[in-house]
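>>> everything below, folded, please.
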Amino acid sequence: MVDDYKYSIGRTVVYRHPRPGRPERDYGQHGPARTVGVVRGVQVGPGPDHTWVYTIENLRTSEVCRVPESDIPHATFGPGGKRTRGAKADVAQLAEALARALTESPVSHYLRNAVRELVHREESEERVRREGRELPLRPGDYVRIRGDLRPELEPCHNHYAKILEALEPDIAAIESAGVPHKVLRRYRVITDDGTECFVYDPEIKLYYTAEGRSVVLNWRAAAFLAEAFHDDPPYNVEFSYLEDHVFTRDELEAMSPEELANLFAALLYVKGRMGLRDLQNKDRHLGGVPKEHLIDSVLAISRFDMRRNRSLTPGEIERKRRDAFKLRRILRGR
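Sure thing, here's the model as predicted:
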């Protein structure tokens, strides 16, 4: 069984030119070894492996050649060699940025932006230290501990933990290096190595679930931590299905760009590449992305094994697709 090809027709890709017929400089700064072209066609190649072969038109030389998928390291997110409606606006923005760059030194530009971000972060951290922060944590939630504020908690620094009990604080603040950190809550937790201890809210470095695991901020981390603490994994009909399903082009071609964007964002969330807050703001991140880009991205992320932190092998993809086919036959039989 041949898996779906990676790059849609119309995508701009980086590829190795098999038979360059021009001087190296004509192909760009990296020469023919990493030049850029537009996919104009896709066919299954000959031989026992039946690898995909792409017909690519070079953007610089207009040469057309056939390139195996193994010689295409990745696609780019630029337009497929055609001027789009937004291209003029992009050129105008680029011209404005270049004009600013000519009148403003790189050092002053960097300092202006970096200092603003640094001041904002320091003001935010200072406000948290002074006023404390209300965390939406309940028994059952998963967190990561910061153990550098108190010597007695140092052995648990950066450990994962599960909250067992949320309590009223018995101190007003933690003082570390002469800096007080206001305390609002105290938590009894158990760490991933079985140690039980008490931590205060300034010592919560990260939290992966909230409101007693009714809110999952990081699906992949919550799934792993549930396994580590012998709990039931997080469950949602859609997300649990997306954890293991390998999509095909036939499933995606009929979808609208909005549906594909929603699906891609959900997959990124399930695979641990996007948090809940980014998922809720997916329109800001994925609005206007071309359909062929979304299809290729959904195919790629659905082939990522979040448990092994790697892409699925061809054998694993084939096995999953066979299992899905058997399940569909069983459901139709009913």
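>>> quick one: the helices in the protein?
Remark: helices assigned in the chain by DSSP state H are 87-103, 106-131, 219-228, 237-244, 249-252, 257-270, 276-280, 282-286, 291-302, 314-333.
>>> same list (those) but as a markdown table, adding distance to R60, mean pLDDT and mean neighbour count.
Backbone N, C-alpha and C define where each C-beta goes, glycine included. Formatted as a markdown table, the helices of the chain follow (distance: least, CB to CB, whole Å; pLDDT from 0 to 100; neighbours: other CB atoms under 10 Å):
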| stretch | distance to R60 | mean pLDDT | mean neighbour count |
| --- | --- | --- | --- |
| helix 87-103 | 18 | 45 | 10 |
| helix 106-131 | 29 | 65 | 11 |
| helix 219-228 | 41 | 95 | 20 |
| helix 237-244 | 39 | 90 | 14 |
| helix 249-252 | 29 | 93 | 14 |
| helix 257-270 | 29 | 94 | 20 |
| helix 276-280 | 36 | 91 | 13 |
| helix 282-286 | 30 | 84 | 14 |
| helix 291-302 | 22 | 94 | 21 |
| helix 314-333 | 33 | 81 | 12 |
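>>> can those helices go into a markdown table with extra columns for distance to R40?
A markdown table is the format used below for the helices of the chain (distance: least, CB to CB, whole Å):
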| stretch | distance to R40 |
| --- | --- |
| helix 87-103 | 20 |
| helix 106-131 | 40 |
| helix 219-228 | 37 |
| helix 237-244 | 32 |
| helix 249-252 | 17 |
| helix 257-270 | 22 |
| helix 276-280 | 34 |
| helix 282-286 | 26 |
| helix 291-302 | 13 |
| helix 314-333 | 26 |
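>>> isn't H245 right up against A324?
Yes - when contacts are counted by CB atoms under 8 Å, H245 is listed as touching A324 (6.9 Å).
>>> on that earlier part again, for V179, find the nearest of the helices of the chain.
Among those, helix 106-131 comes nearest to V179, with 6.5 Å by CB to CB.
>>> can you give me the strands in the stretch 1-150 of the chain?
Here the stretch 1-150 of the chain has its strands, by DSSP state E, counting those that start in this stretch, at 12-15, 35-44, 52-58, 64-68, 74-75, 142-145.
>>> quick one: average pLDDT of the fifth one?
Just to be clear, that refers to strand 74-75. Strand 74-75 carries an average pLDDT of 92.
>>> ok, now the longest one?
In this model, strand 35-44 has a mean pLDDT of 94.
>>> by contact count, what packs against it?
In terms of contacts (3 or more CB pairs under 8 Å, 6 or more residues apart in numbering; DSSP states H and E), strand 35-44 is packed against strand 12-15, strand 52-58.
>>> got it, and the last one?
In terms of contact count using 3+ CB pairs under 8 Å, 6+ apart, strand 142-145 is assigned the packing partners strand 160-167, strand 186-191, strand 204-207, helix 219-228.
>>> turn the ones you listed into JSON lines, including distance to P32.
Shown next, in JSON lines, are these (distance: least, CB to CB, whole Å):
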{"stretch": "strand 160-167", "distance to P32": "49"}
{"stretch": "strand 186-191", "distance to P32": "55"}
{"stretch": "strand 204-207", "distance to P32": "46"}
{"stretch": "helix 219-228", "distance to P32": "40"}
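>>> between the ones you listed, which gets nearest to G140?
Short answer: strand 160-167, nearest of the helices and strands packed on strand 142-145 by CB to CB, at 6.6 Å.
>>> and that closest one, what does it pack onto?
For strand 160-167, the elements it packs on are strand 142-145, strand 186-191, helix 219-228, judged by 3+ CB pairs under 8 Å, 6+ apart.
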